[in-house]
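> From the sequence below, what's the structure:
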Amino acid sequence: MTTNEASAHSRLTFGEDSVFAYVFLAFVASAGIFYVSAIPSIVSALVDGVGFTAQQAGYAVSANGYGSMFGALIAVALVRRVSWKRAVALLFVLMIGMELVSTQISSPQIMVGWRFAAGIFGGCSVGFGLSVLARLSNPDRAYGGLLVLQFGMGGLIIYLRLIVEPVLGVAGVFIMLAMLMAVSLICLPLLGAYAPRETERSKSSSLPPLTKVTILTLVALFLYQASGNALWTYVERIGGSLGLSPRDVTDIVAWTTWSGVLGAIIPIAIGLIEQMHLAINHPGTGGAQSLALVVGLG
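The predicted model follows:
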């Protein structure tokens with residue numbers, strides 16, 4: 001890249017600690033797991049639209065989840081060896097194709113394998129995205145923004161499914177996922193390089209020991225997530241079995257998902273409060289910086 005090209009590229013990207021960079025990076029980092037918050041709608045679409053049994057639809061979304069787990073592990077091995085922006089761009093293109101092809105699959109067995117592969121790509125993109133979030137000056141706020149988008153977009157997919165279904169049919173939920181990934185792909189060139197810091201490089205070869213407590217904690221988290229996701233997967237089907245109309249069910253589930261935004265805002269608010277506290281105790285930082293901290297742009 002020439003000097004002029006590099007200068008032009010820098011003008012097209014946001015500052016690495018700007019509020020827009022945080023929002024766009026949160027969008028990019030969460031794109032691969034947008035499906036998680038929309039799982040109830042995916043199950044309902046496969047059961048009501050394609051004709052899968054509830055069990056077959058559950059297998060498909062669980063395969064997606066297990067694929068994401070393997071993809072995240074792959075990202076851990078590759079994140080320091082490849083350009084994260086190029087890798088994520090390729091993964092987004094592949095995921096868009098995977099979502100669009102999913103609209104044409106009617107075999108439960110093929111769908112399970114296809115969603116597992118889609119999960120690998122999605123998990124890998126999330127792994128790259130989270131590694132970049134950790135390089136920010138305020139990773140707590142960045143991760144909170146990621147969760148806000150995750151719950152917000154997931155609830156939106158759930159809410160819109162019945163609205164777009166008459167036009168797009170069962171393909172609607174997969175097309176919405178593909179559109180969100182396309183938006184993330186557009187956001188990607190606007191982000192900086194976020195190269196690993198020197199401290200990060202120096203610590204890369206010294207991993208903490210895998211103790212008994214660590215293993216038990218991981219097992220506990222896995223079991224908790226498995227039980228919670230099992231209920232979440234079939235929550236729309238459970239609502240229907242209780243006599244609720246499809247519209248009522250989707251409204252309830254969507255608003256339940258959006259309520260998660262409140263919890264996601266907590267780490268953002270804590271980060272802002274801490275920065276405001278520093279600004280108050282160190283008035284030499286200047287009025288302009290204090291104002292930026294108050295509005296969350298610092």
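> you'd agree residue 136 is up against residue 19?
No. Residue 136 lies out of contact with residue 19 (Cβ atoms under 8 Å); the separation is 11.7 Å. The C-beta positions use only the backbone N, C-alpha and C, and glycine is treated the same way.
> Under the pLDDT cut-off, which ranges of the stretch 101-250 of the chain? List them.
By pLDDT under 70, the low-scoring segments of the stretch 101-250 of the chain are 197-208.
> How many residues are close by residue 156?
18 (other Cβ atoms under 10 Å).
> Quickly find the element holding it.
Using DSSP states H and E, residue 156 falls within helix 139-168.
> in that helix, what's buried?
Neighbour counts using 16 or more other Cβ atoms under 10 Å place 141-162, 165, 168 of helix 139-168 among the buried residues.
> Mind listing residues that contact the helix or strand following that helix?
Next helix or strand after helix 139-168 toward the C-terminus (DSSP H and E): helix 171-187. Residues from elsewhere that reach helix 171-187 (Cβ atoms under 8 Å, 6 or more residues apart in numbering): 24, 27-28, 31, 34-35, 38, 41-42, 45, 89, 92-93, 95-96, 99-100, 102-103, 153, 157, 160-161, 164-165, 168.
> Put the buried members of the residues you listed into a PyMOL selection.
Selecting only the buried entries of those in PyMOL, with 16+ other Cβ under 10 Å as the criterion:
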select buried, resi 24+27+28+31+34+35+38+41+42+45+89+92+95+96+99+102+103+153+157+160+161+165+168
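> quick one: which of the contacts of helix 171-187 sit in helices?
Using DSSP state H, the subset of the contacts of helix 171-187 located in helices is 24, 27-28, 34-35, 41-42, 89, 92-93, 95-96, 99-100, 102, 153, 157, 160-161, 164-165, 168.
> Hmm, residue 145 is touching residue 26, no?
Yes. Applying Cβ under 8 Å, one finds residue 145 in contact with residue 26, separated by 3.9 Å.
> Spatially central residue in this structure, please.
The centre of the chain sits closest to residue 30, judged by Cα atoms, centre = their mean, with a distance of 1.9 Å.
> show me the contacts for residue 115.
60, 61, 63, 64, 67, 102.
> List buried residues within these.
If we count by 16+ other Cβ under 10 Å, the contacts of residue 115 have these buried: 60, 61, 63, 64, 67, 102.
> Please identify which pair of those lies farthest apart.
Within the buried ones among the contacts of residue 115, 67 and 102 form the most distant pair, 12.9 Å apart (Cβ to Cβ).
> Please identify the buried residues of stretch 73-92?
Along stretch 73-92, these residues count as buried under the neighbour rule (16+ other Cβ under 10 Å): 75, 79, 84, 85, 87, 88, 89, 91, 92.
> Endpoint to endpoint, that stretch covers what distance?
The first and last residues of stretch 73-92 sit 18 Å apart, counting by Cα to Cα, to the nearest Å.
> Just the mean pLDDT for that stretch, thanks.
Throughout stretch 73-92, pLDDT has a mean value of 90.
> And stretch 255-273, by the same measure?
Stretch 255-273 comes out with an average pLDDT of 78.
> Would you reformat the contacts of residue 115 as a markdown table and include secondary structure and distance to residue 263?
Formatted as a markdown table, the contacts of residue 115 follow (DSSP: H, G, I helix; E, B strand; the rest coil; distance: Cβ to Cβ, whole Å):
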| residue | secondary structure | distance to residue 263 |
| --- | --- | --- |
| 60 | helix | 28 |
| 61 | helix | 23 |
| 63 | helix | 28 |
| 64 | helix | 24 |
| 67 | helix | 27 |
| 102 | helix | 30 |
